[in-house]
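Chemist: predicted structure and sequence below. I'll ask about it afterward.
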Amino acid sequence: MNLQSVTLFGRELSHGNLHTLFFAGLATVALIWVFFAVKRGDRLFPTIGLAAAFVTLFYLTSPFATDAARWWIASGIVLVGLISLRLCRDRVWKPLFIATALVIVLVGVLLTSTSVNLLSFENSLDNGLTFYLLSCLTWLVIRVVIPRTRGKQQAVQVAGLTVVISLTMFIVAAVWWREAIDEHALTDTPIATTLAELERFSAEPGGKRRHGVIAAGFVGAPPPRAREASETIETLARHSGRGPHGAGGNGPLFPDRFVVTLFDGATITVAGITSPRQAHNWPEAGPDRHQHLLRYSDPVVIWAEPGPDPASLVRTRVIAYGTPVNFREDFLSDLIKTSRIISWIAILCAFVALVPLAFGVQHLLLHRRSLN
């Protein structure tokens, strides 16, 4: 007997009904928690916030959470964060802590979506962290440096500092936006399935293949053949979703190079990868269901840079399991969605870069009026 065999009003519980009951019970527990907190005289709003965060966290990590729901949740978090920042705008350090928590929570909500391309997110992380640190510096200049400025000379110096900060923030946002937009061009990148196509793509000018080349074939050589059911297929690479060492002592295995057989039978040498984020859609197999394996003659799509030898690829970015059609519909589709979100965030940051300049100019004008 299991929980799904329990019936309510003559209906058997499905996975969806179990999910609804679980979150209804979780919400009930949260309401009871709030009720007893009020009875004890605890602070109401922090208690409600913790209960809501607890329920939301369970929902976002469930397989039933949708991207539309994530957008609504993210909007609510931003609204609460802006109200909190408004209430404590006269402080110095508390707004920084709230802003940091807000950014971390929003990134966490984003990463709970299975449609987020982690490689695109990782590539944009440096620009995002740089812009955030510059934003923190801007806040300290506005709340600490500008109020302590005395005289026209210091006002001019502070205005010059804000110009430098604004320009730096704008450059970071522009680079961030350009890198995100460049990833959109990957949808137009042709996929080489023969050695002749790969050589032609590799010989194109660097501007046309600034994102590298994409090749498709079968990992291993020679081309795949029919195998007996009892024949063991050699494992060429693996990684585990359970941490750096995997289960049962089976750590990740990433060879330095692979041999890939293209669809015309030609073989090429491909540089290996170093991170599970570069191993896309590898099938689960083996005794551990969290173990992802790449085995001899598996169909693969490689995104890499052309090597000095026409029959080689270097600086491999992704090794994806599947066909070119799967790669376009799955990996490239998620990458475009993620880069589109990042590009809009970068555009918003470009407007935010004008804030320190506005404060610096305003402070300079006020000092000039007071001295005249």
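Modeler: Alright, I've got the coordinates.
Chemist: got any ranges where the protein has weak pLDDT?
Modeler: 1-55, 61-63, 151, 206-210, 221-233, 241-251, 286-290, 367-372 (pLDDT under 70).
Chemist: which strand in it has the most residues?
Modeler: The longest strand of the chain (DSSP state E) is strand 312-321.
Chemist: and that one, what does it pack against?
Modeler: strand 267-271, strand 279-280, strand 299-306 (3 or more C-beta pairs under 8 Å, 6 or more residues apart in numbering; DSSP states H and E). Backbone N, C-alpha and C define where each C-beta goes, glycine included.
Chemist: strand partners (parallel or antiparallel) of the first one?
Modeler: Strand 267-271 has its sheet partners listed here by DSSP bridges as strand 257-262 (antiparallel), strand 312-321 (parallel).
Chemist: the first one: how far from the chain's middle?
Modeler: The offset between the C-alpha centroid of strand 257-262 and the centroid of the whole chain comes to 29 Å, using C-alpha atoms, centre = their mean, to the nearest Å.
Chemist: the longest strand of the chain vs strand 299-306, what angle?
Modeler: Using axes from the mean of the first three to the mean of the last three C-alpha atoms, to 10 degrees, the inter-axis angle of strand 312-321 relative to strand 299-306 is 150 degrees.
Chemist: run through who's touching strand 312-321.
Modeler: 119, 212-213, 215, 237, 258, 268-273, 278-283, 294, 298-307, 326-327, 330-331 (C-beta atoms under 8 Å, 6 or more residues apart in numbering).
Chemist: and these, which are buried?
Modeler: For those, a burial check counting by 16 or more other C-beta atoms under 10 Å picks out 119, 212-213, 215, 237, 258, 268, 270-271, 273, 278-282, 294, 298-307, 326-327, 330-331.
Chemist: what's near enough to touch the closest residue to D67 other than its chain neighbours?
Modeler: Of all residues not flanking D67 in the chain, S113 sits nearest, at 5.6 Å (C-beta to C-beta, 6 or more residues apart in numbering). Contact analysis of S113 by C-beta under 8 Å, 6+ apart lists 65, 67, 70.
Chemist: check contacts around the last one.
Modeler: R70 makes contacts with 60, 109-110, 112-113, as judged by C-beta under 8 Å, 6+ apart.
Chemist: go again with 6 Å.
Modeler: Contacts for R70 (C-beta atoms under 6 Å, 6 or more residues apart in numbering) come out as 109, 113.
Chemist: can I assume it sits in a helix?
Modeler: Yes. Judged by DSSP: H, G, I helix; E, B strand; the rest coil, R70 forms part of a helix.
Chemist: look up how far A358 lies from it.
Modeler: 32 Å (C-beta to C-beta, to the nearest Å).
Chemist: dump the helices and strands packed on strand 312-321 into TSV; add distance to W176 as well.
Modeler: As requested, these are exported to TSV (distance: least, C-beta to C-beta, whole Å):
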stretch	distance to W176
strand 267-271	27
strand 279-280	24
strand 299-306	21
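Chemist: these: which one's closest to A99?
Modeler: A99 lies closest, by C-beta to C-beta, to one member of the helices and strands packed on strand 312-321: strand 279-280, at 33.3 Å.
Chemist: give me the residues contacting the closest one.
Modeler: Taking C-beta under 6 Å, 6+ apart as the rule, strand 279-280 contacts 239, 318-320, 331.
Chemist: tell me which residue lies nearest the centroid of the chain.
Modeler: F121 (3.3 Å; C-alpha atoms, centre = their mean).
Chemist: hey, what's the nearest residue to A311 once chain neighbours are set aside bridged with?
Modeler: Nearest non-adjacent residue to A311, counting by C-beta to C-beta, 6+ apart: I268, 4.7 Å away. Beta-bridge pairing of I268 under DSSP bridges involves V260.
Chemist: of the contacts of strand 279-280, which is the most crowded?
Modeler: Among the contacts of strand 279-280, I319 has the most neighbours (other C-beta atoms under 10 Å), with 26 neighbours.
Chemist: how about it: which residues does it bridge to?
Modeler: A279, I302.
Chemist: check the gap between it and F263 for me.
Modeler: Taking C-beta to C-beta, one finds I319 at 17 Å from F263.
Chemist: repeat for G272
Modeler: Using C-beta to C-beta, G272 is found at 22 Å from F263.
Chemist: quick one, helices of the stretch 151-300 of the chain?
Modeler: 151-182, 195-202 (DSSP state H, counting those that start in this stretch).
Chemist: so which bits of the longest one are buried?
Modeler: Judged by neighbour count using 16+ other C-beta under 10 Å, the buried positions of helix 151-182 are 155, 158-159, 161-162, 165-166, 168-170, 172-174, 176-177, 179-180.
Chemist: the longest strand of the chain relative to helix 195-202, how many degrees between them?
Modeler: Going by the same axes, to 10 degrees, strand 312-321 makes 110 degrees with helix 195-202.
Chemist: give me the distance between strand 312-321 and the centre of its chain.
Modeler: Relative to its chain's centre, strand 312-321 lies at 20 Å (C-alpha atoms, centre = their mean).
Chemist: off-centre distance for the helix or strand following that strand?
Modeler: With elements assigned by DSSP states H and E, the helix or strand that comes after strand 312-321 is helix 324-326. The gap between the average C-alpha position of helix 324-326 and the chain average comes to 22 Å, counting by C-alpha atoms, centre = their mean.
Chemist: ok, and what's touching helix 324-326?
Modeler: Contacts for helix 324-326 (C-beta under 6 Å, 6+ apart): 191, 216, 301.
Chemist: tell me the angle the helix or strand following it makes with helix 151-182.
Modeler: Downstream of helix 324-326, the first helix or strand assigned by DSSP H and E is helix 333-352. Relative orientation of helix 333-352 versus helix 151-182 (the same axes, to 10 degrees): 160 degrees.
Chemist: now for whatever helix or strand comes next after helix 333-352, which elements pack on it?
Modeler: Later in the chain than helix 333-352, the nearest helix or strand by DSSP H and E is helix 354-371. Contacts defined by 3 or more C-beta pairs under 6 Å, 6 or more residues apart in numbering; DSSP states H and E place helix 354-371 against helix 151-182.
Chemist: no further questions, thank you.
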